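J.: Sequence and predicted structure, then a few things I'm wondering about:
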Amino acid sequence: MQSLPEEPLVAFHTTPTLSEKFYTLREKVLERKPVLRHIVEKHGDKVLYDYAKEYAQVNLNPPIKRRQDELIGTIQRIVTERLGDDVGVSVGEQLKKYYFVSTTDHHGAICHPFFLNGNLISSATYFDASDPVLSNIIVLACANISLNNSSYPRGLLFHSNLGNQQEMHRLSFFPASDRLCPVYGYRSYTHYDIERMKQDIERKARTQAIAPTVAQKLMYLIDTVYASDQALSAATFSDQITLTNTRLWNQFFAPNHIDAPRLIYIEQETVVSELLINYHLNHDTIIKHILFNPKLESLIHKYFQGIRGAFSLFEQSGTYFFWALPKGQKYRQQLWKRGEYLVTADESYRIALAPDAIAEALRTKEIIPSMLLTFMVLAFYYGLKCLGGFSQVNYLTLMKRAYIKMLADLENYKSIEVCARVQTKELCGEVTLAFLKNSEGTLMPATGLDLLLYGNDMTWTQFVELSKNVTLAEALNPLMSEFYKILFPENTRQADLAALTPEEITHLTGLHEKIKPCAIL
């Protein structure tokens with residue numbers, strides 16, 4: 001793990017006390033996330049470019065190779081339906097040779113810095129790859145989030161700088177009244193929604209919240225990426241995100257005249273639903289037994305209780321393998337196993353825990369696979385390498401251990417053989433290298449739209465250079481303050497630690513001397 005400078009810089013009036021606070025903050029985060037600690041200790045000194053090059057190294061064994069055709073065929077079919085035959089074939093060929101995807105992102109516009117940067121870093125390594133098969137950034141994004149999640153999947157994010165005021169702006173496809181609806185299964189935006197978004201841009205320009213040139217660029221982006229006939233005719237918002245993210249991603253590289261790898265954005269829940277319907281619910285697999293064999297229920301409670309992404313009966317958190325999204329209702333609900341049924345807490349919805357009933361509910365999107373079930377299918381059964389964020393590397397590792405312990409009790413050694421080599425400690429998200437500099441010289445994480453609005457023909461070159469100069473540990477350090485707030489409820493935080501800012505940490509660690517902005521307000 002990289003060490004801090006002995007004498008912190010004085011730009012923020014740093015003292016040994018500030019250094020001690022940061023060490024304490026980081027230690028508290030790593031105590032809660034031991035797998036993240038392991039990654040930092042093992043790989044922290046690697047520059048991000050070299051670390052990302054290792055994503056393509058996948059552990060496979062013969063049972064996984066026999067199963068992977070089902071998974072690859074399913075993903076290829078979904079990609080073909082949305083992006084065409086040529087793209088589907090390209091994705092299928094890549095997965096046969098490079099059996100990994102990112103499961104880091106939320107299924108929304110590729111704007112939020114957490115998700116933008118991970119995919120940009122992966123993309124940078126593709127240019128030096130000698131194999132033309134490696135031509136797609138494949139993301140199985142999580143759509144089982146609310147439209148108003150902090151990553152803002154219901155709209156677009158960008159900064160403005162008019163006068164001495166910097167502001168983060170949000171352009172939403174959907175009304176605020178639907179902000180708690182899940183992305184998964186949500187309706188497509190319409191021509192009316194696009195017009196409302198344009199009116200918002202006009203209002204911002206009229207009130208001088210954004211410059212006229214910025215408004216013009218935004219209008220062009222809306223017309224060319226989001227208001228196309230193909231996007232407006234898509235069946236769901238998830239379908240639209242697949243189409244529009246591919247186009248938006250290409251726009252990022254246009255000023256640099258770069259033929260970038262394609263960005264493939266598919267929601268993981270649809271992939272898992274189709275796999276369950278076609279290969280598990282009515283077939284003799286371990287996944288079917290986990291779902292329907294009552295003899296496994298006690299083992300499921302024994303080993304998965306309390307793991308994030310699974311469930312806790314004591315805290316009434318999570319759900320039992322599926323979330324309910326009943327017809328006519330906006331919000332997802334927890335499901336709990338009661339006898340041969342899955343039932344919501346208020347018993348307003350119930351579904352038989354039987355193959356035909358589950359299959360039909362998956363087809364109509366009345367139920368959504370949980371995070372636990374999603375990773376049981378993708379990672380533990382099919383052996384897919386899933387790149388993740390700072391939380392995923394921890395809970396996915398815990399899920400794998402629990403899964404293997406359950407299989408050991410069942411003496412199912414074949415399934416243990418498949419799962420044992422699955423890689424769960426592959427960090428991809430929450431690393432920021434794309435920075436925006438404002439008129440006062442302050443650096444802030446850039447959004448995807450910031451690169452379009454304020455980037456230039458050197459944006460990509462500077463980003464790649466930075467990825468080859470900044471280590472994994474250096475890039476993670478400024479985020480420790482955000483991780484601390486995520487991991488510790490407000491009433492349990494130390495005020496002096498919570499007050500530490502990413503800017504202070506950036507200066508304390510000397511990272512500010514390496515950072516070069518990719519865009520300038």
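T.: The structure has been received and is ready for your questions.
J.: The residue most central in space within the chain: what's it in contact with?
T.: Nearest to the geometric centre of the chain sits D105, at 1.4 Å (Cα atoms, centre = their mean). Counting by Cβ atoms under 8 Å, 6 or more residues apart in numbering, D105 makes contact with 115, 118-119, 139, 141-142, 265, 429. All C-beta atoms are positioned from the backbone trio N, CA, C, and that covers glycine.
J.: Please narrow the residues you listed to those residing in helices.
T.: 115, 118-119 (DSSP state H).
J.: would you turn these into TSV with pLDDT and neighbour count?
T.: As requested, those are exported to TSV (pLDDT from 0 to 100; neighbours: other Cβ atoms under 10 Å):
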residue	pLDDT	neighbour count
F115	91	27
G118	92	27
N119	94	24
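J.: Format the residues you listed as a markdown table; extra columns: distance to D128.
T.: A markdown table is the format used below for the ones in helices among the contacts of D105 (distance: Cβ to Cβ, whole Å):
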| residue | distance to D128 |
| --- | --- |
| F115 | 23 |
| G118 | 18 |
| N119 | 16 |
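J.: which one of these is nearest L387?
T.: G118 (7.6 Å; Cβ to Cβ).
J.: what about that closest one, distance to D229?
T.: Going from G118 to D229 by Cβ to Cβ, to the nearest Å gives 31 Å.
J.: Just the pLDDT at the residue nearest to the centre of the chain, thanks.
T.: Looking at D105, its pLDDT reads 95.
J.: which sections of the stretch 51-200 of the chain are below the confidence cut-off?
T.: In the prediction, the stretch 51-200 of the chain carries residues with pLDDT under 70 at positions 163-165.
J.: quick one: the strands in it?
T.: 100-102, 136-141, 155-162, 165-172 (DSSP state E, counting those that start in this stretch).
J.: To L436, which of those strands lies closest?
T.: strand 155-162 (6.1 Å).
J.: Just the residues contacting the top helix by length along the chain, thanks.
T.: Taking DSSP H as the criterion, the chain has its longest helix at helix 62-83. The contact list for helix 62-83, computed with Cβ under 8 Å, 6+ apart, reads 60, 87-89, 91-92, 95-96, 99, 138, 140, 234, 239, 242-243, 246, 264, 266, 270-271, 274-275, 278-279, 378, 381-384, 414, 417-418, 421.
J.: Give me the buried subset of these.
T.: Using 16 or more other Cβ atoms under 10 Å as the burial test, the contacts of helix 62-83 include 87-88, 91-92, 95, 99, 138, 140, 234, 239, 242-243, 246, 264, 266, 270-271, 274-275, 279, 378, 381-384, 418 as buried.
J.: how much does the longest helix of the chain deviate in direction from strand 136-141?
T.: 90 degrees (axes from the mean of the first three to the mean of the last three Cα atoms, to 10 degrees).
J.: Can I get helix 62-83 as PDB, trimmed to CA atoms?
T.: This file holds the C-alpha atoms of helix 62-83, laid out as PDB (Å, rounded to 0.1, in the frame of the first residue of the first chain):
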ATOM      1  CA  PRO A  62     -14.200 -27.600 -18.000                       C
ATOM      2  CA  PRO A  63     -17.600 -27.500 -16.200                       C
ATOM      3  CA  ILE A  64     -17.800 -23.700 -16.600                       C
ATOM      4  CA  LYS A  65     -16.900 -24.000 -20.300                       C
ATOM      5  CA  ARG A  66     -19.700 -26.400 -20.900                       C
ATOM      6  CA  ARG A  67     -22.200 -24.200 -19.200                       C
ATOM      7  CA  GLN A  68     -21.000 -20.900 -20.600                       C
ATOM      8  CA  ASP A  69     -22.800 -21.500 -24.000                       C
ATOM      9  CA  GLU A  70     -26.100 -21.000 -22.300                       C
ATOM     10  CA  LEU A  71     -25.100 -17.700 -20.800                       C
ATOM     11  CA  ILE A  72     -23.300 -16.400 -23.900                       C
ATOM     12  CA  GLY A  73     -26.200 -17.300 -26.100                       C
ATOM     13  CA  THR A  74     -28.600 -15.500 -23.800                       C
ATOM     14  CA  ILE A  75     -26.600 -12.300 -23.700                       C
ATOM     15  CA  GLN A  76     -26.000 -12.500 -27.500                       C
ATOM     16  CA  ARG A  77     -29.700 -12.900 -28.100                       C
ATOM     17  CA  ILE A  78     -30.600  -9.800 -26.000                       C
ATOM     18  CA  VAL A  79     -27.900  -7.700 -27.500                       C
ATOM     19  CA  THR A  80     -29.000  -8.700 -31.000                       C
ATOM     20  CA  GLU A  81     -32.600  -7.700 -30.300                       C
ATOM     21  CA  ARG A  82     -31.500  -4.300 -29.200                       C
ATOM     22  CA  LEU A  83     -28.400  -3.400 -31.200                       C
END
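J.: So which bits of it are buried?
T.: For helix 62-83, the neighbour count (16+ other Cβ under 10 Å) marks 63-64, 67-68, 70-76, 78-80, 82-83 as buried.
J.: Also stretch 485-505?
T.: Buried-residue list, stretch 485-505, by 16+ other Cβ under 10 Å: 487-488, 493, 497, 500, 502-505.
J.: now that stretch: mean pLDDT?
T.: In this model, stretch 485-505 has a mean pLDDT of 91.
J.: what's it in contact with?
T.: By Cβ under 8 Å, 6+ apart, stretch 485-505 touches 12, 14, 18, 21-22, 24-25, 28-29, 32-33, 391, 442-443, 477-482, 484, 511.
J.: What of stretch 314-334?
T.: With contact meaning Cβ under 8 Å, 6+ apart, stretch 314-334 is reached by 144, 178, 180-182, 184-185, 291, 305-306, 309-312, 335-337, 342, 344-345, 348-349, 351, 358, 361, 364-370, 372-373.
J.: Which ones among the residues you listed map onto strands?
T.: Among those, the members falling in strands (DSSP state E) are 311-312, 336-337, 342, 351, 367-369.
J.: Okay then, goodbye and thanks.
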